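**Student:** Quick one, fold the following:
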Amino acid sequence: EALARSQEDACSTFPYNEGLNLTSEPFKRVADLFAANYGVRTLFGTVVVDTILAEAAEPEGEERRKALRGVVVENVAGRQAIFAKQFIDCSGNADVLHRAGGRFTVLPEDQRMGITQVFSVSNVDRERFLAYTERKAATYEHWGNDGDDSTCENEWKQETQGEEGKLRTPYLEREFSDAERDGVIPKGSNVSGSWSTLTEDGELLNLNLVHLSGDALDPWHMSRLAVQGRAKVQDALKALRTIPGCERAKLRTFSNNLGVRDSRKCLGHYQLTGEDVLAGARFDDTVCVLPQIVDGYGVLVLGSEGGEVEVPLRAFQCDVDNLMVAGRCVSGDHISHCLTRNIKCCMLTGQSCGVIAATCIREGRSVWTVAHADVATAMDAAGFTFRATAPPSAAA
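**Tutor:** Residues are numbered from 1 along each chain as shown. Take a look at the predicted model:
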């Protein structure tokens, strides 16, 4: 609620639901204030380059294991070591886990979700553009079915459950198919997708139209894709100008980074499965509950009926003790990844890891040995919902 109040002058209404889209620049200051209010010390411009491991102290009879004691970082001041009792890897690529020698899974490059160069434009005639999208009235059933197959290479095609297919969506495909046909942009441009926010000032933000394929774990490859992505935005902008209201659109910004959806996934003591997320799984050792929003690999579930998925403590226990992985790299298969990769789920898994870490420190335990009952007590004390509040609503 405090976050919403702070963003009152920085939000734009998204026309297809009752929510508000946060604009990124004001949110950065809001995030600064949140961190300061909770005593978080920030260290920007710093990367983890190595880890410091030790043999974990374990009770008699348990298997021997390694535990993370510190990380080696580099920044403008040089190389330093940071020691801590607990670590949470929120890198998005499980970089700390990787450097600690922890186990993870990676899909073959040709099976991973695509990479995108998101961008924003200005100088859009808001009324004319909204009138056009109202006439078009695209729904999720149009994803991947609204233009020639060559336009988006079927990447956007989704199998929907329940009523998702009838919901309105900010999807654009036919427009780019027509632009290819008319010679406005080259054939096989693979440009199509969605827009996210239209501000009162005529800015179309978070245009998710430019698709790339490559290895997100290869920095040379990613560097080439960054250049290719910016070049493809020029084609996307040409095609965008054929849409009513966008005839005079101008490039506003590129995203700070390429949009990576798929890389390493932690191999935890429990791996969430596609069956878990589609059936709304429940666990005795739940420490997190996620909205049933599954988006990717041809599956679309939007949680419109209040579906929830629990995540067990075991999913945060990897083979390196005192280290947890939050966000899209949470332990699971490729379909569960389509749940955990969503922003809200990343925030919730991060919050869960924070409570688990604090409980471990308070109780003098490790991530492997902390009692679920102690974590649950801490969750309740913090007012954090970690159990599903509704019966399972199977979407499978």
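**Student:** for the stretch 1-150 of the chain, what spans make up the strands?
**Tutor:** Assigned by DSSP state E, counting those that start in this stretch, the strands in the stretch 1-150 of the chain fall at 11-13, 20-22, 47-55, 66-75, 78-83, 87-89, 104-105, 115-122.
**Student:** now swap in the stretch 201-350 of the chain and tell me
**Tutor:** Using DSSP E, counting those that start in this stretch, strands in the stretch 201-350 of the chain cover 204-212, 250-254, 265-266, 286-291, 294-296, 299-301, 308-312, 320-321, 323-325.
**Student:** Off-centre distance for the longest one?
**Tutor:** Strand 204-212 sits 15 Å away from the centroid of its parent chain (C-alpha atoms, centre = their mean, to the nearest Å).
**Student:** circling back to that earlier point, between the strands of the stretch 1-150 of the chain, which one is nearest to Arg328?
**Tutor:** strand 87-89 (11.3 Å; C-beta to C-beta). For glycine as for every other residue, the C-beta is placed from the backbone atoms N, C-alpha and C.
**Student:** Contacts for the closest one next, please.
**Tutor:** 68, 71, 95-97, 266, 322-326, 329, 350, 353-354, 357 (C-beta atoms under 8 Å, 6 or more residues apart in numbering).
**Student:** switch the cut-off to 7 Å
**Tutor:** 68, 71, 95-97, 322-326, 353-354, 357 (C-beta atoms under 7 Å, 6 or more residues apart in numbering).
**Student:** Kindly report the same for stretch 216-234.
**Tutor:** Contacts of stretch 216-234 (C-beta under 7 Å, 6+ apart): 93, 115, 117, 119, 189, 191, 210, 212, 214-215, 251, 254, 258, 260, 262-263.
**Student:** and which of the contacts of strand 87-89 is nearest Ala36?
**Tutor:** Using C-beta to C-beta, the contacts of strand 87-89 come closest to Ala36 at Gly354, 16.4 Å.
**Student:** what about that closest one, distance to Lys85?
**Tutor:** Per C-beta to C-beta, to the nearest Å, Gly354 is found 13 Å from Lys85.
**Student:** Tell me which of those two has more neighbours.
**Tutor:** Gly354 (18 against 13; other C-beta atoms under 10 Å).
**Student:** Next secondary structure after whichever strand or helix holds that one?
**Tutor:** Element membership for Gly354 (DSSP states H and E) is helix 343-363. Next helix or strand after helix 343-363 toward the C-terminus (DSSP H and E): helix 372-382.
**Student:** how big is the angle separating that following helix from strand 308-312?
**Tutor:** For helix 372-382 against strand 308-312, the angle by axes from the mean of the first three to the mean of the last three C-alpha atoms, to 10 degrees is 130 degrees.
**Student:** okay, helix 372-382 in CSV with CA atoms only?
**Tutor:** The C-alpha trace of helix 372-382 is given here as CSV (Å, rounded to 0.1, in the frame of the first residue of the first chain):
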residue,chain,number,x,y,z
HIS,A,372,10.2,-26.0,9.2
ALA,A,373,8.2,-25.2,12.3
ASP,A,374,10.6,-22.4,13.3
VAL,A,375,10.4,-20.9,9.8
ALA,A,376,6.6,-21.1,9.8
THR,A,377,6.5,-19.3,13.2
ALA,A,378,8.7,-16.5,11.7
MET,A,379,6.6,-16.3,8.6
ASP,A,380,3.4,-15.9,10.8
ALA,A,381,5.2,-13.3,13.0
ALA,A,382,6.1,-11.3,9.9
